[in-house]
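Peer 1: Structure, please.
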Amino acid sequence: MFPVQVCGAQVLVGPVGAAPEGAALDARLWSGQARLVADRRRAHLDVAGAARFAIEAGAEVTVEPAVGCDPGLLANALYGTVAALVLAQRGEFALHASTVAIGPVGVALAGPSGAGKSTTALALEGRRHRLVTDDVSPIRTAGTGLPEVVPFGRPAHVWPDTAIALGLDLTGSRLVDRRLTKLSLPARDNEPVSLHAVVLLRPGAAATGVDSHRGDLAGVAAGELAGVAALLENVYRVRLLSRLWGPDLLGWAAGLARRLPVWVLTRPAGGWTVDEVASAVEAVGAGRQPAAARPPPAR
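Peer 2: Below is the predicted model:
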C-alpha cells in the first residue's frame, strides 16, 4: 500500500503522535480538512480521512493511516504536500510540471491545473518520447551544470476521455480516489534527465491556435526577472512553502532562470489540438524555434 520512499525519504508506518508545540507555522489547509504544524526541519500533517504524517529533516516520513482511510486520498497527500515538505526540508524544490525527455534532453511542461501538462506529456510519450514524471518535477541544481529532473514516483494521472482521445492502453489503471473519475496509469520505471528548457502552457480564451514566445528575451536583466517570476509562479505548493522558505525559493528560481530558456505556449482554451502543442514542445527540445513562435523584441 505504501511506497518504500518518497522523493528519497524513507517511508515508515507507525504512530505519529500529537503535533509539536511552538512551531513556526500552524495552518489549516483544504477548507479545514487538514492541519499542518511545521518549521524548517520538522512537520506534522493531519489529513482528515487519510492519515497523520510526520516529516523529519527531509529523510524520513512516518505515516499513521486513519481508520477506514481512502487509499487514494492518502496517496494524494503523500505525493502532494508531504513530498513538497520533504524536498523543502532538504533545500530542494519542484516545479508543478510534467517532464518529457526529447531524446537526451528534458523539457518541463509547467502551468496551472487544466493547462494541458499531462495531456501533452502523454501525447509526446505516444510519439516515442520518454515521460520522466507527471505533474510534479523535482529539480536538483548542483554546481554549475544543467539542472536535473528526478522521477517523482507517482504514476501518471489522466481523465478517461483524454485517455480515450489519446488512444492510451488503460490496462492496469485504477481510480485515483473515491471522489474522482481521474485514472492512475501503471507506474513506469524511469531515470533522471538533464533539464534544458521550461515550457509554460497557458490556455487563452481568445486564442485560435498555438502561439509561442520566449519568456526571457526582454533584455538580459528584465528577461531574467521575468523568468524568475514565471518559475516562482509554477513552484509546486508555492503558497504553502513560501511561508517558511520564501528566500530559498527566490534563490532557487533565480538559479534556474539563469541556466534555462523559458518558453510560453498559449493554446486555445477550448477545442485545442494537442498535436500542435506537442510539435512545438518537440521543437523546443530539439533546440529549434517553434513554428508559431513570435520573434524576440528588438533590443
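Peer 1: Can you find the helix or strand in the protein with the smallest mean pLDDT?
Peer 2: The weakest-scoring helix or strand in the chain, judged by mean pLDDT, DSSP states H and E, is helix 220-233 (a mean of 73).
Peer 1: same for the helix or strand just after it, what does it pack against?
Peer 2: Per DSSP states H and E, the first helix or strand lying C-terminal to helix 220-233 is helix 238-259. Helix 238-259 makes packing contacts with strand 25-29, helix 83-89, strand 93-95, helix 220-233 when contacts are defined by 3 or more C-beta pairs under 8 Å, 6 or more residues apart in numbering; DSSP states H and E. Backbone N, C-alpha and C define where each C-beta goes, glycine included.
Peer 1: Of these, which is nearest Ala19?
Peer 2: Nearest to Ala19 among those is strand 25-29 (7.8 Å), distances taken as C-beta to C-beta.
Peer 1: follow-up on the earlier one: any chance of the helices and strands packed on helix 238-259 in JSON lines, plus distance to Val274 and mean neighbour count?
Peer 2: Converted to JSON lines, those look like this (distance: least, C-beta to C-beta, whole Å; neighbours: other C-beta atoms under 10 Å):
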{"stretch": "strand 25-29", "distance to Val274": "32", "mean neighbour count": "13"}
{"stretch": "helix 83-89", "distance to Val274": "27", "mean neighbour count": "26"}
{"stretch": "strand 93-95", "distance to Val274": "20", "mean neighbour count": "27"}
{"stretch": "helix 220-233", "distance to Val274": "22", "mean neighbour count": "17"}
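Peer 1: and Trp245, which of those is closest to it?
Peer 2: helix 83-89 (5.2 Å).
Peer 1: just checking, what packs against the closest one?
Peer 2: Checking 3+ C-beta pairs under 8 Å, 6+ apart, helix 83-89 ends up next to strand 42-47, strand 51-56, strand 93-95, helix 238-259.
Peer 1: Which positions within stretch 16-27 qualify as buried?
Peer 2: Counting neighbours by 16 or more other C-beta atoms under 10 Å, one finds that the buried residues in stretch 16-27 are Val16, Ala19, Ala23.
Peer 1: what do you get for stretch 235-245?
Peer 2: Val235, Tyr236, Arg237, Val238, Leu240, Leu241, Leu244, Trp245.
Peer 1: biggest separation within those, which pair?
Peer 2: The most widely separated members of these, counting by C-beta to C-beta, are Tyr236 and Leu244 (14.5 Å).
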